[in-house]
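A.B. asks: dropping the sequence and predicted coords here.
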Amino acid sequence: MSRFSFLSTELEPERVLLVGVDFRNGAWPVDRSLDELERLAHTAGALTVGRVVQRLDKPIPKSFIGSGKVEEVRRLVAALDVNAVIFDDDLTPAQQSHLEKTIGEPTKIIDRTALILDIFGLHAKTREGRIQVQLAQLQYLLPRLRGMWSHLAKEQTRGGIGSRFGQGESQLEVDRRLIRNKIASLRRELNGLEKRRSVQTKNRKESTAFRVALAGYTNAGKSTLLNALTDAGVLSEDKLFATLDPTTRSYSLPGGRVVTITDTVGFIQKLPHGLVEAFKSTLAEVLEADLILKIVDYSDEDADLHLEAVNRVLDEIGAGEQLSVTVNNKCDRFEASYVHALESRYPDQVFCSVYTGYGIDSLIDTLALRASASDQLLTVMLPYANASLRAQIHEQGVILNEEFIPEGMLITAKVPSKLAGLLRQYEQGPAGKAECESLPLVTED
Ligand SMILES: Nc1nc2c(ncn2[C@@H]2O[C@H](COP(=O)(O)OP(=O)(O)OP(=O)(O)O)[C@@H](O)[C@H]2O)c(=O)[nH]1
Ligand SMILES: [Mg+2]
């Protein structure tokens, strides 16, 4: 599949100018949002050569920023040899097209969404990831086609190759139709892949292991944590959106209980809704988890804003009410005494550093506690043929007693409720239980 890109990936980095609006509504200071936009631009391979900020109560309908500012941008574009202007907020197709005309070709006018789509396009590795990104890109492009065709229309009047369309259906209509067809065919393919994924998830569900999902702002350290716990070998980098495709690994807690941990795509403020929509099946991993670990880069001065943005996306995908623990990472960047003070102040949160290993034990204790919260004590008699169920009890439960008798395998164990559901049919009646309760290990408990 050819990679579509708003910014060129030629050897020379594109020179970009950033434009932010301070709407004075407080939450995210415009300078910090532009710092993040600059990191996004850098991740996409561009070089930021300047910034323009305007204070406004609300966007100007026609041009997003005021006409005086547009003129300032136009002059800067010429003076700084800018290839692309990136707006920190979403532009409507009409605003984008107006700005393109006013600022003058060939300078591209891009917004945060287009930039994020570009990075996703660069980082998507699997077929499913690529289709998800391409779908979001085409949906973004569809209402913007008119602007993109305006310069070609000029070419048409000069004649020559590419100028002979326009009979019956205009080229713009043809292109819209082609894109709609492409969107439909990508959706079909994605549906097929999603079905396969949901079968895999269902299989995992049937394995009844406690499922943990790592969620959090991009660059918080999710992949680094998964690698540290499980040797998953997932790419972890000081870049935004290093991970797009989910990876699930098994992890044995002390005592032997096996849980699964899933690393997935990171979140960001102003995350384009189209992307959340396109990545629905990937984000389902988070939705179906028994526990969400919200990984935070606590050393980032905007850590609280990051957590807010993460909570907003979790709400959007319907995971806002799920069981979760906040895990504040990168604590190696603070004095130990400060971290201890934080731990006393916020006993429900974990403070750790995947780099130094500090706090990882406490994270594992938290996992163990949550994974065993729904445990039930059961005594079952399993037929010898049912070795896989016995293996599941060993993986996910705490065995209190096990005996191999002529009637079958008599096991007393504490197991998570999901597994208990599967075991009910083999549960021993009061007599069997009583027999087991006389065994030393059980009475000890
Ligand atoms: N100082 C410090 N850096 C860390 C720590 N954990 C991770 N990092 C670094 O933070 C950067 C981002 O780590 P990743 O694991 O790729 O982050 P992520 O959350 O998976 O990011 P995305 O995949 O982009 O969503 C990398 O450069 C890591 O080496 C830590 O405990 N301390
Ligand atoms: Mg990652």
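C.D. replies: Done, it's in. Ligands and ions are numbered 1, 2, ... in the order given.
A.B. asks: all the helices of the stretch 251-400 of the chain, residue numbers only.
C.D. replies: 273-278, 280-287, 303-316, 336-345, 360-371, 387-396 (DSSP state H, counting those that start in this stretch).
A.B. asks: ok, Ser250 - contacts?
C.D. replies: Contacts for Ser250 (C-beta atoms under 8 Å, 6 or more residues apart in numbering) come out as Ala209, Thr230, Val258, Val259, Thr260, Ile261. Every residue, glycine included, has its C-beta placed from N, CA and C.
A.B. asks: neighbour count and pLDDT for those - can I get that in a markdown table?
C.D. replies: Listed next are the contacts of Ser250 as a markdown table, based on neighbours: other C-beta atoms under 10 Å; pLDDT from 0 to 100:
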| residue | neighbour count | pLDDT |
| --- | --- | --- |
| Ala209 | 22 | 86 |
| Thr230 | 18 | 94 |
| Val258 | 16 | 89 |
| Val259 | 22 | 92 |
| Thr260 | 19 | 93 |
| Ile261 | 24 | 96 |
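A.B. asks: could you export those residues as JSON lines, including distance to Gly397?
C.D. replies: Below are the contacts of Ser250 laid out as JSON lines (distance: C-beta to C-beta, whole Å):
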{"residue": "Ala209", "distance to Gly397": "11"}
{"residue": "Thr230", "distance to Gly397": "21"}
{"residue": "Val258", "distance to Gly397": "10"}
{"residue": "Val259", "distance to Gly397": "12"}
{"residue": "Thr260", "distance to Gly397": "16"}
{"residue": "Ile261", "distance to Gly397": "19"}
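A.B. asks: starting at the chain centroid, how far to the helix or strand where Gly121 lies?
C.D. replies: Gly121 belongs to helix 112-123 when assigned by DSSP states H and E. When distances are taken as C-alpha atoms, centre = their mean, to the nearest Å, helix 112-123 is centred 13 Å away from the chain's centroid.
A.B. asks: returning to that earlier point: what is the most widely separated pair among the contacts of Ser250?
C.D. replies: For these, the farthest-apart pair by C-beta to C-beta is Ala209 and Thr230; their separation is 13.3 Å.
A.B. asks: which elements pack onto the helix holding Gly121?
C.D. replies: helix 30-43, strand 84-87, helix 127-141, helix 273-278 (3 or more C-beta pairs under 8 Å, 6 or more residues apart in numbering; DSSP states H and E).
A.B. asks: give me the contact list for it.
C.D. replies: Under the criterion C-beta under 8 Å, 6+ apart, residues 3-7, 9, 37, 40-41, 43-45, 86-90, 133-134, 136-137, 140, 240-244, 268, 270-272, 274-275 lie in contact with helix 112-123.
A.B. asks: go on, stretch 367-384?
C.D. replies: Contacts of stretch 367-384 (C-beta under 8 Å, 6+ apart): 210, 212, 253-255, 257, 259, 290-291, 323, 325, 389-390, 393, 397-398, 400, 407-418, 420, 423, 426-428, 432-433, 436, 445.
A.B. asks: for Pro416, give its distance to ligand 2.
C.D. replies: Going from Pro416 to ligand 2 by C-beta to the ion, to the nearest Å gives 28 Å.
A.B. asks: picking that back up, now go through the contacts of Ser250 and say which are in strands.
C.D. replies: Taking DSSP state E as the definition of strands, the contacts of Ser250 contribute Val258, Val259, Thr260, Ile261.
A.B. asks: list just the nearest of those to ligand 1.
C.D. replies: Closest approach between the ones in strands among the contacts of Ser250 and ligand 1, by C-beta to the nearest ligand atom: Ile261, at 12.6 Å.
A.B. asks: bridging residues for the closest one?
C.D. replies: Taking DSSP bridges as the rule, Ile261 bridges to Val212, Arg249.
A.B. asks: list the helices and strands the host helix or strand of Ala78 packs on?
C.D. replies: The secondary structure element spanning Ala78 is helix 67-79 (assigned by DSSP H and E). In terms of contacts (3+ C-beta pairs under 8 Å, 6+ apart), helix 67-79 is packed against strand 15-22, strand 47-55, helix 93-103.
A.B. asks: pull up the residues of the stretch 301-445 of the chain that are close to ligand 1.
C.D. replies: Counting by C-beta under 6 Å from any ligand atom, the stretch 301-445 of the chain comes close to ligand 1 at Asn329, Lys330, Asp332, Arg333, Ser353, Val354, Tyr355.
A.B. asks: quick check on those residues: which are buried?
C.D. replies: Asn329, Lys330, Asp332, Ser353, Val354 (16 or more other C-beta atoms under 10 Å).
A.B. asks: still on that earlier bit, and ligand 2, is the helix holding Gly121 touching that?
C.D. replies: No - using C-beta under 5 Å from the ion, we find that helix 112-123 stays clear of ligand 2, coming within 9.6 Å at best.
A.B. asks: can you list the weak-confidence ranges in the stretch 301-445 of the chain?
C.D. replies: Applying pLDDT under 70 to the stretch 301-445 of the chain flags the ranges 429-445.
A.B. asks: could you rerun that using 50?
C.D. replies: Scanning the stretch 301-445 of the chain for pLDDT under 50 picks out 431-445.
A.B. asks: list the buried ones in stretch 176-186?
C.D. replies: Those buried within stretch 176-186 under the rule 16+ other C-beta under 10 Å are Arg176, Ile183, Leu186.
A.B. asks: element containing the second one?
C.D. replies: Spelled out, that is Ile183. Per DSSP H and E: Ile183 is located in helix 171-206.
A.B. asks: helices or strands next to that helix in the packing?
C.D. replies: Going by 3+ C-beta pairs under 8 Å, 6+ apart, helix 171-206 lies up against helix 127-141, helix 145-158, helix 280-287.
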